[in-house]
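# fold the stuff below for me.
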Amino acid sequence: MLGLQLQASCIIFVFFLIFFSIFWLYSEPILILLHHDPHVSHVAVLYIRFLIPSLVTFGLLHNILRFLQTQSVVMPLVVCLVLPLIGHIGIAYVFVHWTPLGFKGATLSMSISLWIVALMLGVYVLCANRFEPTWHGFPIETFRHVFVNLKLALPSTVMLWGVRGLAVRLRPKESQIRHLSARLADWRKSIHNRPLVITYPSKMQRIGLVRSVLADRTRVSNELGAGNPDRAKKAMGVTLKLSILLALIVVLALAFSHNIWAGFFSDGSTITKEFASLTPFLEVSIMFDSFQGVLSGFVGGHNLWSRMPGSHSLGAYKAL
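Alright, predicted model coming up:
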């Protein structure tokens, strides 16, 4: 069933990919219709068009990763991800600095690296003997599962779009943030500090969410499905400890090297001092985000989201 679900998910993704690719190719008139600057719209569409090849592999990789995680495949997955990541550094440098592509070279290099990862994982799934019980080629039975998956995927997609749309409507707009920043006495410092303040928590939050997906949610779901609640608790505890340890490392690095980090964005001593005053708030945010992702994965592994009302998340968001 795992192989059939993987193939059905890939078929669904490829079908919708056609519509998204067409939308991305001809999105410049849409951006202009939404009153964006014509020059900015043209550059943005150039960037998006070079992202289309990576869009293909992104969906396929997402399905393959879930297929491997469900079967507790770890080391081959790490190898197939780390090696292309190391090569991506050189590929990106060559495309950006040694070719006339410029910023388009960054997106093209990312597409190449993702294709390398997808090919490596695809060859591994096709050739490894450990997948013989779950991979039986491409039978016709796969198409029967497409409609079954769509019944689950479409409502979930609408739900996610609704939640994201609500969050965007509730969140202050970028223009409002710029307007408020411009009215401050030290508006230059506030604008320069925004990328410093936003980058660290967002990166740390992504690390926590990746840990919850890779280690917590899948492992908890597998152990509960096998009737091993004690192992599910142990998996959650181990993942939580590792995530907190990682957060402590980042917090300590931020505490002792925040001047170096601020120097990547600005050479001014005033900006560095202002960022240093915000460091304690960042450290608290990072610590909370470190185990929030793990706990969310634990709840997802128990399938508790369907029982918990959405007012929990919305109420917490509005309170913050």
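# quick check: Val148 vs Met1, distance?
With distances taken as C-beta to C-beta, to the nearest Å, Val148 is found 11 Å from Met1. Placement of C-beta: from N, CA and C, glycine included.
# same drill for these two, tell me which one is more crowded.
Taking other C-beta atoms under 10 Å, Val148 and Met1 do not tie; Val148 has more neighbours (12 against 7).
# residues in contact with the more buried one?
Listed by C-beta atoms under 8 Å, 6 or more residues apart in numbering, the contact partners of Val148 are Ala8.
# tell me the SS of it?
helix (DSSP: H, G, I helix; E, B strand; the rest coil).
# now do the same for it: its pLDDT.
As predicted, Val148 sits at a pLDDT of 80.
# remind me, longest helix of the protein?
Longest helix in the chain, counting residues (DSSP state H): helix 229-263.
# in that one, what's buried?
Residues of helix 229-263 classed as buried by neighbour count (16 or more other C-beta atoms under 10 Å): 232, 235-236, 239-240, 243, 246-247, 250-251, 254, 258, 261-262.
# nearest to Asn129 among the residues you listed?
Among these, Ala235 lies closest to Asn129 (C-beta to C-beta), at 26.4 Å.
# the closest one touches Ala226, doesn't it?
No - Ala235 is beyond contact range of Ala226, at 11.8 Å (criterion: C-beta atoms under 8 Å).
# can you count the residues close to His145?
Neighbours around His145, by other C-beta under 10 Å: 18.
# quick one, helices of the stretch 51-200 of the chain?
All helices of the stretch 51-200 of the chain, identified by DSSP state H, counting those that start in this stretch, fall at 52-70, 75-97, 103-127, 142-170, 174-183, 187-211.
# which elements pack onto the second one?
Helices and strands touching helix 75-97, as assessed by 3 or more C-beta pairs under 8 Å, 6 or more residues apart in numbering; DSSP states H and E, comprise helix 52-70, helix 103-127.
# compare the ones you listed and report which one is nearest to Thr270.
helix 103-127 (29.7 Å).
# and the closest one, what other elements does it pack with?
Counting contacts by 3+ C-beta pairs under 8 Å, 6+ apart, helix 103-127 packs against helix 38-49, helix 52-70, helix 75-97.
# rewinding a little: tabulate the helices and strands packed on helix 75-97 (a markdown table), appending mean pLDDT and distance to Gly90.
Shown next, in a markdown table, are the helices and strands packed on helix 75-97 (pLDDT from 0 to 100; distance: least, C-beta to C-beta, whole Å):
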| stretch | mean pLDDT | distance to Gly90 |
| --- | --- | --- |
| helix 52-70 | 83 | 18 |
| helix 103-127 | 89 | 9 |
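# any low-confidence regions in the protein?
159-160, 162-221, 263-268, 271, 293-320 (pLDDT under 70).
# per-domain residue ranges of it.
1-171, 172-320 (automatic domain parsing).
# list phi and psi for the spatially closest residue to Arg231 that is not a sequence neighbour.
Leaving aside its sequence neighbours, Arg231 sits nearest to Glu223 (C-beta to C-beta, 6 or more residues apart in numbering; 4.3 Å). Backbone torsions for Glu223, taken as degrees, to the nearest 10, come to phi -70, psi -40.
# so who does Glu223 touch?
229, 231-232, 235.
# could those residues go into TSV alongside distance to Ser54?
Output for the contacts of Glu223, formatted as TSV (distance: C-beta to C-beta, whole Å):
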residue	distance to Ser54
Pro229	40
Arg231	37
Ala232	35
Ala235	32
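# just these now: which is nearest Ser285?
Ala235 (25.9 Å).
# relative to Ala153, how far out is that closest one?
Distance of Ala235 to Ala153, computed by C-beta to C-beta: 27 Å.
# chain neighbours aside, what residue packs nearest to Phe275?
Ala262 (4.4 Å).
# Phe256 versus that neighbour, what's the distance?
13 Å.
# still on that earlier bit, helices or strands up against the longest helix of the chain?
For helix 229-263, the helices and strands in contact under the criterion 3+ C-beta pairs under 8 Å, 6+ apart are helix 187-211, helix 218-225, helix 269-301.
# what about the closest residue to His42 other than its chain neighbours, neighbour count?
Spatial nearest neighbour of His42, excluding adjacent residues (C-beta to C-beta, 6+ apart): Glu28 at 6.1 Å. The number of residues packed near Glu28 is 18, by other C-beta under 10 Å.
# again, but for Ile64
By other C-beta under 10 Å, neighbour count at Ile64 equals 22.
# please apply the same query to Glu141.
When counting by other C-beta under 10 Å, one arrives at 11 neighbours for Glu141.
# ok, it touching Leu4?
Yes - with contact taken as C-beta under 8 Å, Glu141 and Leu4 are classed as touching, separated by 6.3 Å.
# contacting residues around Lys104?
Neighbours of Lys104 in contact, by C-beta under 8 Å, 6+ apart: 46-47, 50.
# now those residues as JSON lines including neighbour count?
Output for the contacts of Lys104, formatted as JSON lines (neighbours: other C-beta atoms under 10 Å):
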{"residue": "Leu46", "neighbour count": "14"}
{"residue": "Tyr47", "neighbour count": "13"}
{"residue": "Phe50", "neighbour count": "19"}
